[in-house]
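Novice: Got a sequence here, can you build the structure:
(one chain, ligands or ions: 2)
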Amino acid sequence: LIAAEISISMALHSAAAKLPVVDLFDENCKPGTASWVSKCNDVRVALEEYGCFLTPYHQVPSQLQDQVFNSLQQLFDLPLETKLQNTSHKPYFGYFKHPSIPLSESMGIDDPTSLDGTQSFTHLMWPNGNQKFCQNVHSYAKLVSQLDRMVKKMVFESYGVEKYYESHIDSTSYLLRLIKYRVPHEGETIDNCGFPHTDKSFLTIVHDNQVAGLETKTKDGNWICVQPSGSMFIVMAGDAFLAWSNGRVHSATHRVVKEENKERYCLALFSFSSETIEAPAELIDEAHPLMFRPFQNMDLLRLYSLDDLHRYDQMFNGQA
Ligand SMILES: O=C(O)CCC(=O)C(=O)O
Ligand SMILES: [Fe+2]
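Specialist: Ligands and ions are numbered 1, 2, ... in the order given. Coordinates of the predicted model:
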């Protein structure tokens, strides 16, 4: 009986695969210490094996999280013609809504870590000003960008190429996407909230209002449902990180499905590099021949967006 129970519990365990959780901020973990080195290793391994991991990030106070998610509600309640003011020549940087995924709607703040970036977005949405929104979103983006830099520092160190870290960070820019997934209307049977995809960023940090929906795919093809909780942030490698690492870092396919009958709000901080994306010489050898020709991160995003729009249209016209 005991043996049977053990095997049942193992079966259940493997059925509900979970993402690794890496706590970057435990007390003993200061740069230079042995525990820092092993933490860097954990981060690298998580990104190599899963392409993503969960991390508790208490640096964003829960009060600020609440305020930001409340502001999102206020933002999406604005009239459509106001939201449509959020435009950009860069793909995915502006307002997006498509008939093939009616439950979701999203907007983008270019350069949210600078006060200018957040202010000009705020001004477009609220010409009479909305100081609270601006301050909250700006502080939030700055705090999350610190997590982005920390993760990269740890991975660069773990590969022994920390000498490239400073210039990489100097050429990094951010995009904060604000996403709303509404509740289906009565009789509406849609649960599709977008295509399964990999991000074209270097790194993405996703955080939601504790309503489930995000799923990531493991290398062996299983979907992991990401369980949200207040201060857990999900750190996800994009295709640019994969290429830079010469294929070592995995970029996980992920998708959003609507499970709960609750509105889901999500904030995704994408980082892009304006340096040419190419693997450091240290990561190229006989066992790891160069996998990708050097390219520009924004070109990758542009190329993808053309395919993507085509897919949305096909889906809308019932051909996919
Ligand atoms: O809503 C989410 O959790 C993720 C959204 C996403 O994958 C994206 O915007 O690229
Ligand atoms: Fe994504």
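Novice: does the residue lying closest to A279 once chain neighbours are set aside count as helix, strand or coil?
Specialist: Excluding its sequence neighbours, the residue lying closest to A279 (C-beta to C-beta, 6 or more residues apart in numbering) is N246, at 3.8 Å. Using the backbone N, CA and C atoms, a C-beta is placed for each residue, glycine as well. State at N246, reduced to three classes by DSSP: H, G, I helix; E, B strand; the rest coil: coil.
Novice: who touches N246 in this structure?
Specialist: Counting by C-beta atoms under 8 Å, 6 or more residues apart in numbering, N246 makes contact with A279, L283, I284, H288, L290, M291, F292.
Novice: 6 Å - rerun?
Specialist: By C-beta atoms under 6 Å, 6 or more residues apart in numbering, the contact set of N246 is A279, L283, I284, H288, M291.
Novice: Make TSV from the residues you listed and add neighbour count, secondary structure and pLDDT to it.
Specialist: Shown next, in TSV, are the contacts of N246 (neighbours: other C-beta atoms under 10 Å; DSSP: H, G, I helix; E, B strand; the rest coil; pLDDT from 0 to 100):
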residue	neighbour count	secondary structure	pLDDT
A279	19	coil	98
L283	18	helix	98
I284	14	coil	98
H288	13	coil	94
M291	14	coil	97
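Novice: So of the residues you listed, which two are at opposite extremes in space?
Specialist: Pairwise distances across the contacts of N246 peak at 10.0 Å for L283 and M291 (criterion: C-beta to C-beta).
Novice: Please determine how far the closest residue to V226 other than its chain neighbours is located from ligand 1.
Specialist: The shortest distance from V226 to any residue other than its chain neighbours is 4.4 Å, reached at L214 (C-beta to C-beta, 6+ apart). As judged by C-beta to the nearest ligand atom, to the nearest Å, L214 and ligand 1 stand 4 Å apart.
Novice: I'd assumed Q227 was in contact with L214.
Specialist: No: L214 is not in contact with Q227 according to C-beta atoms under 6 Å; the separation is 9.5 Å.
Novice: quick one: contacts for the nearest residue to L178 once chain neighbours are set aside?
Specialist: Sequence neighbours aside, M107 is the residue nearest to L178 in space, at 4.9 Å (criterion: C-beta to C-beta, 6+ apart). When contacts are counted by C-beta under 6 Å, 6+ apart, M107 touches N86, Y95, L178.
Novice: Kindly reformat those residues as a markdown table containing secondary structure and distance to S145.
Specialist: Formatted as a markdown table, those follow (DSSP: H, G, I helix; E, B strand; the rest coil; distance: C-beta to C-beta, whole Å):
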| residue | secondary structure | distance to S145 |
| --- | --- | --- |
| N86 | coil | 20 |
| Y95 | coil | 23 |
| L178 | strand | 16 |
